[in-house]
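K.L.:
Following is a predicted model, sequence given first.
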Amino acid sequence: MVNSPGHTVPTSPLSLLPEDDHVWRAGAALLLALAHWASGDLEEARRIHVQGVASLEHAGDITLAISAAFNGAELRTARGRLSEARRLYERSLQLGLDHNPMLPGVADLHWGSATSSASRTTLKPRRTIYDEARN
């Protein structure tokens, strides 16, 4: 919080919300993370995104938690953190499978987990493979 004469101005929208209001904190955190991602601040986006996913899990909204976790894994991939992305896909996939394998988002996590594993074992860059296939 920044103090000025006569009032206090929050430095983050999250500071306006009660600590135990997990649903609203999750929504605010995830939107704030997207804003940081769009502006190119990927580390801050990741940090805030983690808070948002944790809030969804605390609230018991597993469907939104695994959907948001998919985006978090994509964010890690964009930062070149493939091992972190793979671990997040696998952890979130297990969370979804433990609750209900038919939850929306579980299929996306299967796909993400498979492609992150394939990225580790592919010797050629994907663009090279694509170009070779076209010729």
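P.N.:
Thanks, I have it.
K.L.:
How many residues are close by Trp37?
P.N.:
By the criterion of other Cβ atoms under 10 Å, Trp37 has 20 neighbours. Backbone N, C-alpha and C define where each C-beta goes, glycine included.
K.L.:
Does it touch Arg47 like I think?
P.N.:
No. Between Trp37 and Arg47 no contact is recorded; they are 11.3 Å apart, counting by Cβ atoms under 8 Å.
K.L.:
so where do the strands sit in the protein?
P.N.:
For the chain, applying DSSP state E gives strands covering 2-4, 7-9.
K.L.:
residue ranges of the helices in this protein, please?
P.N.:
Listed in chain order, the helices of the chain (DSSP state H) span 22-39, 42-59, 62-78, 82-99, 106-121, 126-134.
K.L.:
hey, which of these is tucked in deepest?
P.N.:
When you average the neighbours per residue for each of the helices of the chain (mean count of other Cβ atoms under 10 Å), helix 62-78 leads with a mean of 22.
K.L.:
So for the residue nearest the centre of the chain, what's the pLDDT?
P.N.:
Centroid check for the chain by Cα atoms, centre = their mean gives Gly72 as the closest residue, at 1.7 Å. Per-residue confidence at Gly72 stands at 90 (pLDDT).
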